[in-house]
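Engineer: Build the 3D model from these lines:
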Amino acid sequence: MAALRRWKTYLSVFRRSSRVVLPRLSPAAQRTGTVRSAVFTSVSALAAGASLCAIPFKQEGDLSHESLIRRAASLATDSSSTFLSQATLALIEAVTQYSKAVHTLVALHRRYLDSLGKWSSTEEDAVWQVIIGQRAQINERRDEVQRLELTWASAVRLCEAAAEAAFSSGAEQACVTVNTHLHLARGQAAEVRKLAADADRLLTQTKVLEVERVAQHAAAEEEEEEEVPEAYLRED
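Structural biologist: Numbering: from 1, shown residues only. Down below sits the predicted model:
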């Protein structure tokens, strides 16, 4: 009922206002399109104004510029922290897959070296095809890790900028939160980089061992080839 009474009041005000705003028109002027357009424009504007007056505006909390800036800075820290979290998870997954691929290649190399000289040429070719395919996979994994490292670094810079903006705008809690996320992400990235470094070190050691074992095997085959003619000579 109260809303109905308010609406009747607004309607009566609108009617009284329309009598004041709208001029009395002569019969000739009423027949012209120009005046008709002006009348419709005045009525529309007045109706719009009455509608706006009927809408209550309620301010919740502090809507000052400083408060809005602090809220925007908090949103920026939340978004940048989410970006950093996703980039860190992607980097961890990529490095983990790279490390697994390296360990698989190392196992293949060791199996090849342990059976060096025992396989037929066909078996040896088949093993080398597997090794070549695994090396190609490692190269793909390494490229993905490098790409995600760049993305992760961009996320870190974005979080640092958001933390600085939050601090300068007075959003201290948001600044502390994003700095905590930065510290956690840097620690996780450091651990996963150690995993990648260990895999690279193991791969390098395997390559060195392969070169040594292949050279030893080649030298042993040369000695066997030289000893065979000498044995024939002694028999003669």
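Engineer: in the chain, which spans are helices?
Structural biologist: Using DSSP state H, the helices of the chain run over residues 2-21, 27-30, 33-54, 65-114, 121-169, 172-235.
Engineer: which stretch in these has the least confidence?
Structural biologist: Least confident of those, judged by mean pLDDT, is helix 33-54 with a mean of 38.
Engineer: Number of residues surrounding Ala196?
Structural biologist: Using other C-beta atoms under 10 Å, Ala196 is surrounded by 20 other residues. Every C-beta, even on glycine, is put in place using the N, C-alpha and C of the backbone.
Engineer: Check Leu68 too.
Structural biologist: 12.
Engineer: quick one, what contacts it?
Structural biologist: Residues in contact with Leu68 (C-beta atoms under 8 Å, 6 or more residues apart in numbering): none are found.
Engineer: so how far is Ala166 from it?
Structural biologist: Between Leu68 and Ala166 the distance is 14 Å, computed by C-beta to C-beta, to the nearest Å.
Engineer: Give me the phi and psi angles of Lys118.
Structural biologist: Main-chain torsions, Lys118, degrees, to the nearest 10: phi -100, psi -20.
Engineer: That one: what's it in contact with?
Structural biologist: No contacts exist for Lys118 under C-beta under 8 Å, 6+ apart.
Engineer: And the pLDDT at it?
Structural biologist: 78.
Engineer: Could you report the separation of it from Asp143?
Structural biologist: Following C-beta to C-beta, the distance that separates Lys118 from Asp143 is 36 Å.
Engineer: Ser79 too?
Structural biologist: 28 Å.
Engineer: again, but for Glu123
Structural biologist: Distance from Glu123 to Asp143, by C-beta to C-beta: 31 Å.
Engineer: quick one: contacts for Leu209?
Structural biologist: Taking C-beta under 8 Å, 6+ apart, we find Leu209 in contact with 109, 113.
Engineer: could you redo the last one with a cut-off of 10 Å?
Structural biologist: 106, 109-110, 113 (C-beta atoms under 10 Å, 6 or more residues apart in numbering).
Engineer: Pipe those residues into CSV and attach neighbour count and distance to Ile138 per row.
Structural biologist: Listed next are the contacts of Leu209 as CSV, based on neighbours: other C-beta atoms under 10 Å; distance: C-beta to C-beta, whole Å:
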residue, neighbour count, distance to Ile138
Val106, 18, 10
His109, 19, 12
Arg110, 14, 16
Leu113, 15, 18
